[in-house]
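Participant: take this sequence and fold it.
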Amino acid sequence: MSRLFGPVRQMGYVVRDLEAAMAWWTRSMGVGPFFHLDRAEFIDFRHMGEPSDVWVSAALAQCGDVQIELIQQRNDAPSMYRDFLAAGREGLQHIAFWHAPGAYEEKLEQALAQGFTVAMSAATIDETGKLVYFAEQDHPGTAIELSCLSPSKAKVFGMIADAARSWDGSDPVRRLDQPQS
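Facilitator: The predicted structure follows:
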């Protein structure tokens, strides 16, 4: 557990082939089901402080207490995901820490006071689902994401964790942008 950020809640992998990555995780690791978004929606996405119209497909599954996120960037817009792949890497790109509103802002202030710098920022699900990625300081290859676990985001993440607890191996890939039965 990080004394600054708390427990790791997510491991984010940037991949070149999202479908192959989901198949590997479900078949080889028995992790699933994955909830897939063809086009993850970002609100006010910024890379190095500048707006960027990034398009990523993403898939989320739960592995114990840790969420697995798979990300495939579908365009060449500026992002840490694009830079990660351009550097010849593929795989674990970030680890994420989640905090409720209020605590998120406090953790962000603490990180900035300790010299962390924001390299990428956005919001997901709604305006309160903020997130930042810090620049890879002194540890190239793995970024740190700090994410605000807004009520809307907590509901989605809870549904993913619940599905994993009762998963029998069937229906390994499900659409997140469609209602679940």
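
Participant: mind listing what's buried in stretch 44-51?
Facilitator: Residues of stretch 44-51 classed as buried: 45-47 (neighbour count, 16 or more other C-beta atoms under 10 Å). Where you see a C-beta, it was placed from the backbone N, CA and C, and this is true even at glycine.

Participant: check stretch 75-88 too.
Facilitator: Quick answer for stretch 75-88 (16+ other C-beta under 10 Å): 77-85.

Participant: now those residues as TSV including distance to residue 165?
Facilitator: Putting the buried residues of stretch 75-88 into TSV (distance: C-beta to C-beta, whole Å) gives the following:
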residue	distance to residue 165
77	36
78	38
79	32
80	31
81	29
82	34
83	35
84	31
85	33
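
Participant: next, give me the two most distant ones among the residues you listed.
Facilitator: 77 and 84 (13.7 Å; C-beta to C-beta).

Participant: pretty sure residue 121 is in a strand, no?
Facilitator: Yes: assessed with DSSP: H, G, I helix; E, B strand; the rest coil, residue 121 lies in a strand.

Participant: contacts only, for it.
Facilitator: Residue 121 makes contacts with 44-46, 130-133, as judged by C-beta atoms under 8 Å, 6 or more residues apart in numbering.

Participant: how near is it to residue 80?
Facilitator: The spacing between residue 121 and residue 80, counted by C-beta to C-beta, to the nearest Å, is 11 Å.

Participant: quick one: common contacting residues for these two?
Facilitator: residue 133.

Participant: buried stuff in the longest helix out of those in the chain?
Facilitator: Longest helix in the chain, counting residues (DSSP state H): helix 151-165. In terms of neighbour count (16+ other C-beta under 10 Å), helix 151-165 has its buried residues at 153, 156-157, 160-161, 163-164.

Participant: no more questions from me, cheers.
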